[in-house]
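> Task: produce atomic coordinates for the following.
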Amino acid sequence: MKLLSSSTFQQSLPGAPPDLQFYNMDNSLDGVSYLYRVLTTSHAAESCNQAIRLFLQAGLKRFDADIALVTRPVSAQVYEVVSCFGNDEKFFVGQHLSLDGTYCEQVITKNETYMCSKLPDQRVHSNSMAYNNTQVGAYLGTVVNSTHAKRAVLCFLKAQSLDAGTLASGGYSSEDAAFLELLAEGVAFMTDQQLAQAQRKLTDQAMFALGSVKTLDEYLEQARLPEVFGVPARVVEVLERRIGRAPLSIGHIAEELNLSKRTLQRRLQQQDVSFADLRDQVRFHYSIDYLIKQHLSIDSISASLDFSDRTSFTNAFKRWTGLSPSTFRKLFRDYV
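Presented below is the predicted three-dimensional model:
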């Protein structure tokens with residue numbers, strides 16, 4: 001059984017995140033576990049499709065295969081190519097393949113992992129024809145069980161069969177099967193992420209169409225700093241100066257203005273202005289900047305705006321916009 005060295009794996013993943021490049025991959029299973037962890041927790045890949053291709057690429061190198069395919073049945077005998085990678089240009093996403101009588105059909109039908117290091121001669125012709133006239137000498141395949149999508153097959157095709165001289169064991173091993181199934185878990189996870197993203201976009205479009213969500217420009221206009229004069233203007237100046245640096249309570253603001261808390265409240269009331277409204281508007285203004293432009297965490301924003309905790313900030317933001325901070329960021333993160 002071959003094991004990937006870290007340098008070999010790096011060569012197989014052009015454009016991979018830096019932390020993948022320098023990971024010491026002495027054991028292949030540990031290597032793909034790490035790849036899975038990076039892609040699913042830190043979102044290192046630029047897109048779900050790219051992440052799936054990274055998994056296919058890792059499998060090609062691990063199994064010394066020629067072609068990697070993810071196919072999903074659309075009828076009893078026809079399968080659609082969902083993703084593909086390798087040195088054969090005969091396959092493309094969206095392509096329909098007739099896989100009747102192939103191992104892919106058996107993988108789906110029996111919900112099992114199949115590995116054949118040397119296809120019997122009588123099956124070579126039928127498999128070659130099924131895979132768009134591609135020679136298939138060795139095959140590995142397993143089921144991709146996504147939560148929100150129909151079952152698919154992840155398979156790796158090798159033109160030449162393996163023999164006793166190719167691998168020490170004369171064929172694929174249990175570790176190969178474990179590696180293959182872990183890759184399939186990664187593909188399933190990314191497939192679900194892709195569907196979730198698509199669903200969120202549809203939901204967002206519906207919300208905009210119904211008018212329940214405003215445009216970013218409308219929210220920015222709503223969150224403008226208040227145009228006030230006299231004591232209210234001085235309060236706004238102090239609030240801005242203290243954001244992220246010091247408490248924003250009325251007592252602290254009054255102290256910086258050399259006024260008592262009661263005096264400050266009375267002078268604001270004389271202009272029909274409340275301290276709470278002024279502070280809310282300043283907080284609202286800066287929260288959008290922090291969420292969209294500076295990409296700060298919700299906890300950091302809560303602390304900078306002097307909320308007692310994350311929940312208090314979230315409730316305030318929902319009161320201002322009707323949306324949670326995380327939803328607001330997802331809606332408008334690509335607008336700035």
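> Please, where are all the strands along the protein?
67-73, 78-86, 96-98, 114-116, 138-144, 152-158 (DSSP state E).
> Would you mark the buried spots in the last one?
If I follow you right, that is strand 152-158. Judged by neighbour count using 16 or more other C-beta atoms under 10 Å, the buried positions of strand 152-158 are 152-158. In this view, the C-beta of every residue, glycine as well, is placed from N, C-alpha and C.
> residues in contact with that strand?
Identification of contacts with strand 152-158 by C-beta atoms under 8 Å, 6 or more residues apart in numbering yields 56, 59-60, 63-72, 79, 82, 86, 103-104, 107-108, 131, 134, 136-144, 146, 180, 183-184, 187, 191.
> pLDDT below threshold where in the stretch 101-250 of the chain?
120-130, 163-170, 197-213 (pLDDT under 70).
> The same query, at a cut-off of 50, please.
122-125, 128, 166-169 (pLDDT under 50).
> Which residue ranges of it form helices?
For the stretch 101-250 of the chain, the helices defined by DSSP state H, counting those that start in this stretch cover 103-110, 121-130, 174-210, 216-222, 231-242, 250-256.
> would you list those helices in TSV and tack on distance to A303 and mean neighbour count?
Below are the helices of the stretch 101-250 of the chain laid out as TSV (distance: least, C-beta to C-beta, whole Å; neighbours: other C-beta atoms under 10 Å):
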stretch	distance to A303	mean neighbour count
helix 103-110	51	18
helix 121-130	59	15
helix 174-210	28	17
helix 216-222	22	13
helix 231-242	13	18
helix 250-256	16	17
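> ok, back up a step: weed out the non-buried ones from the contacts of strand 152-158.
Buried among these by 16+ other C-beta under 10 Å: 56, 59-60, 63, 65-72, 79, 82, 86, 103-104, 107-108, 131, 134, 136-144, 146, 180, 183-184, 187, 191.
> quick one: G171 and L140 touch, right?
No - between G171 and L140 there is no contact under C-beta atoms under 8 Å: 10.6 Å.
> Common neighbours of these two, please.
Common neighbours of G171 and L140 (C-beta under 8 Å, 6+ apart) are M115.
> Roughly how far does A138 sit from L239?
In this view, A138 and L239 are 69 Å apart by C-beta to C-beta, to the nearest Å.
> just Y114 next, same as before
Taking C-beta to C-beta, one finds Y114 at 66 Å from L239.
> do T314 as well
T314 is 20 Å from L239, by C-beta to C-beta.
> now swap in Q194 and tell me
43 Å.
> Next: P325.
Counting by C-beta to C-beta - P325 and L239 are separated by 20 Å.
> ok, now D192?
Counting by C-beta to C-beta, the gap from D192 to L239 is 44 Å.
> what's the answer for N111, then?
61 Å.
> again, but for M190
44 Å.
> Check R310 too.
For R310, the distance to L239 - C-beta to C-beta - is 21 Å.
> ditto for F332
24 Å.
> Same check on D217?
For D217 relative to L239 (C-beta to C-beta), the value is 24 Å.
> ok, now A184?
For A184, the distance to L239 - C-beta to C-beta - is 54 Å.
> Same question for A276.
12 Å.
> Likewise for D272?
For D272, the distance to L239 equals 19 Å [C-beta to C-beta].
> Leaving out sequence neighbours, find the closest residue to V144.
Counting by C-beta to C-beta, 6 or more residues apart in numbering, the nearest residue to V144 once its immediate chain neighbours are dropped is A152, at 4.1 Å.
> okay but F317 is in contact with F328, surely?
Yes - counting by C-beta under 8 Å, F317 sits close enough to F328 to count as a contact (7.1 Å).
> who has more neighbours, the two?
F317 (26 against 22; other C-beta atoms under 10 Å).
> who touches the closest residue to that one other than its chain neighbours in this structure?
In space, F317 comes closest to P325 once its chain neighbours are excluded; the distance is 4.9 Å by C-beta to C-beta, 6+ apart. Neighbouring residues of P325 by C-beta under 8 Å, 6+ apart: 287, 291, 298, 301, 313-314, 317.
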